[in-house]
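> let's see this in three dimensions:
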Amino acid sequence: MRVLGLDFGSKTCGVAVSDPLMITAQGVEIIRRTKENHMRQTYRRIEELAQEYQISAVVLGYPLNMDDSVGDRAKKTLEFKGELETRLGVPVFLSDERLTTVAADETMRDVGIPREDYKKYVDKIAAMIILQDWLNNHGSDDICVR
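Numbering: from 1, shown residues only. This is a model prediction of the structure:
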């Protein structure tokens with residue numbers, strides 16, 4: 001079993017995948033689009049990755065506001081979740097992604113990535129953090145229960 005981790009943003013989608021034993025998350029890529037509502041290529045690429053890695057579930061970062069309220073970005077994420085479930089036919093789990101960008105920035109700083117290069121990596125690293133957190137706290141138990 002493998003799980004795909006996604007950090008869904010307005011113009012990018014960071015992608016990570018678990019190892020077959022669902023212990024670790026590895027960064028895969030950042031899917032970029034020129035406009036927020038141009039989603040066709042994003043969905044197509046996620047479908048290709050889901051098939052390539054034979055995924056059994058998706059973990060999607062859920063950007064709640066710091067006061068736990070659901071803002072515009074979280075609403076768009078819920079729409080994205082519904083479309084992914086329809087297209088992929090696997091469960092899509094939401095994972096609180098608050099502060100993952102901060103954690104990704106810290107990771108890049110710790111490994112010596114120059115600040116001007118952060119945009120090249122931040123979404124992929126955020127997807128890794130989202131997926132790794134879910135693997136650490138839920139993992140195969142959630143997939144088997146479903």
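
> lowest-scoring secondary structure element of this protein by mean pLDDT?
helix 140-145 (a mean of 50; mean pLDDT, DSSP states H and E).

> helices or strands up against the strand or helix carrying Val17?
Taking DSSP states H and E as the criterion, Val17 maps to strand 12-18. In terms of contacts (3 or more CB pairs under 8 Å, 6 or more residues apart in numbering; DSSP states H and E), strand 12-18 is packed against strand 2-8, strand 25-32, helix 40-52, helix 118-137. From N, CA and C alone the C-beta is placed, and that goes for glycine too.

> deepest-packed of the ones you listed, please.
For the helices and strands packed on strand 12-18, the largest average neighbour count (mean count of other CB atoms under 10 Å) is found in strand 2-8, namely a mean of 26.

> give me the mean pLDDT for that one.
For strand 2-8, the mean pLDDT works out to 97.

> okay, now the sheet partners of it, with direction.
strand 12-18 (antiparallel), strand 55-62 (parallel) (DSSP bridges).

> can you say which of those is packed in most?
Highest mean neighbour count among those (mean count of other CB under 10 Å): strand 12-18, a mean of 25.

> and the angle for that one with helix 40-52?
With axes from the mean of the first three to the mean of the last three CA atoms, to 10 degrees applied, the angle from strand 12-18 to helix 40-52 works out at 0 degrees.

> how far out from the middle of the chain is strand 12-18?
Distance of strand 12-18 from the chain centroid (CA atoms, centre = their mean, to the nearest Å) equals 5 Å.

> kindly report the same for stretch 19-39.
Per CA atoms, centre = their mean, the centroid offset for stretch 19-39 relative to its chain is 6 Å.

> could you export it as CSV, CA atoms only?
Taking Å, rounded to 0.1, in the frame of the first residue of the first chain, the C-alpha atoms of stretch 19-39 are listed here in CSV:
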residue,chain,number,x,y,z
ASP,A,19,6.9,4.0,1.0
PRO,A,20,5.1,0.7,0.5
LEU,A,21,5.2,-0.1,4.3
MET,A,22,3.7,3.4,5.0
ILE,A,23,6.5,4.4,7.3
THR,A,24,8.1,7.4,5.5
ALA,A,25,7.0,10.1,3.1
GLN,A,26,9.2,11.1,0.1
GLY,A,27,8.7,14.3,-1.9
VAL,A,28,7.7,13.7,-5.6
GLU,A,29,7.1,17.0,-7.3
ILE,A,30,5.3,20.3,-7.4
ILE,A,31,2.4,20.5,-10.0
ARG,A,32,2.1,24.1,-11.1
ARG,A,33,-0.6,25.9,-13.0
THR,A,34,-0.8,29.4,-14.4
LYS,A,35,-4.3,30.2,-13.1
GLU,A,36,-6.1,29.0,-10.0
ASN,A,37,-9.2,27.6,-11.8
HIS,A,38,-7.2,25.7,-14.5
MET,A,39,-7.4,22.3,-12.8
